[in-house]
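1. what follows is a predicted protein model with its sequence.
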Amino acid sequence: MNDLVKLSPRVEAALKAGRPVIALESTIISHGMPYPQNVETALRCEKTARENGAEPATVAVIGGKLCAGLTEDEIDYLGREGTKVTKASRRDLPALVAGQKDGATTVAATMIIAALAGIRVFATGGIGGVHRGAEVTMDISADLEELARTPVAVVCAGAKSILDLGLTLEYLETKGVPVLGYRTGELPAFYTRQSGFSVDYRVETPEEIAAFIRAQRQMGYPGGMLITNPIPEEYAMPKAVIDAAIDQALREADAQHVKGKAITPFLLARVCDLTGGESLASNIRLVLNNVSLAARVAAALG
């Protein structure tokens, strides 16, 4: 075990015993939701994982240590500090470790730490991807590159609908990342179940997903795979409503010159405001849904 990786006692015990463990990210705590909903959601995610047969390992950088498994106090700290905590992707990890600082991990950074800890399945809300206008800005999330190089299966509700979903799928195809749809042939678009784009393979059960993961590992592929899980119908938002909110948020971001790491938190916050908080409620429900599926996949992996 890399001596920079710190496992919580519960995660360490589960891994040693060969029991299912799933990773959970921490950017959603510090940068994805307001306090106290962020902390409440993080704790509900951990509870949901355990109810579905897996030990949760919420991932973050604390005092320069790559942590897989946090205490409730550490989760509360990340939630209270919010955007004061560094949003940590792959490029930020060396600086945080060297400076013994704290970071809330994105999908990419969470995958890296999960892989170092020996955790094979990770649940998040939605992945980053190719941003709209990327043909000019070259704004492409590091999440996509990480999926191509790090052997962790990521369960999500698709790519965030603030992105260019078609180009995101093209990028994943180029990188050889399988995109699975859980009981759907269509890529879910985070807040909504439909995007108009097809996934590579439809799968019906956690056991079938586990078989895909097992085969990929046996073949020695270096990367992971994306398991897309539509938001439950009763919590999905009307596509017209969410698209209108996203379009307005994008115009505001452009007018205010919001770029880089700041763009996704800005857009999600504005969409939440523009939908009267409905998008936040949907966000919470889809994350819990993904955690439930990820735990069952990890259990099926054995």
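-> Yep, that arrived.
2. next up, the contacts around residue 279.
-> Residues in contact with residue 279 (CB atoms under 8 Å, 6 or more residues apart in numbering) are 191, 237, 242, 245, 268, 271-272. Using the backbone N, CA and C atoms, a C-beta is placed for each residue, glycine as well.
3. take these and write them to a markdown table, including secondary structure, distance to residue 112 and neighbour count.
-> Formatted as a markdown table, the contacts of residue 279 follow (DSSP: H, G, I helix; E, B strand; the rest coil; distance: CB to CB, whole Å; neighbours: other CB atoms under 10 Å):
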| residue | secondary structure | distance to residue 112 | neighbour count |
| --- | --- | --- | --- |
| 191 | coil | 27 | 29 |
| 237 | coil | 32 | 23 |
| 242 | helix | 31 | 23 |
| 245 | helix | 32 | 24 |
| 268 | helix | 23 | 24 |
| 271 | helix | 28 | 26 |
| 272 | helix | 28 | 20 |
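4. mind picking the lowest-pLDDT entry from those?
-> When the contacts of residue 279 are compared by pLDDT, residue 268 scores lowest at 76.
5. sorry, back to before: the contacts of residue 279 into JSON lines, with extra columns for distance to residue 149?
-> Below are the contacts of residue 279 laid out as JSON lines (distance: CB to CB, whole Å):
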{"residue": "191", "distance to residue 149": "29"}
{"residue": "237", "distance to residue 149": "33"}
{"residue": "242", "distance to residue 149": "31"}
{"residue": "245", "distance to residue 149": "34"}
{"residue": "268", "distance to residue 149": "26"}
{"residue": "271", "distance to residue 149": "30"}
{"residue": "272", "distance to residue 149": "32"}
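6. and these, which two are the farthest apart?
-> Farthest-apart pair in the contacts of residue 279 is 237 and 268; separation 13.2 Å (CB to CB).
7. what ranges do the helices span in the stretch 151-300 of the chain?
-> For the stretch 151-300 of the chain, the helices defined by DSSP state H, counting those that start in this stretch cover 165-174, 206-218, 239-255, 263-274, 278-301.
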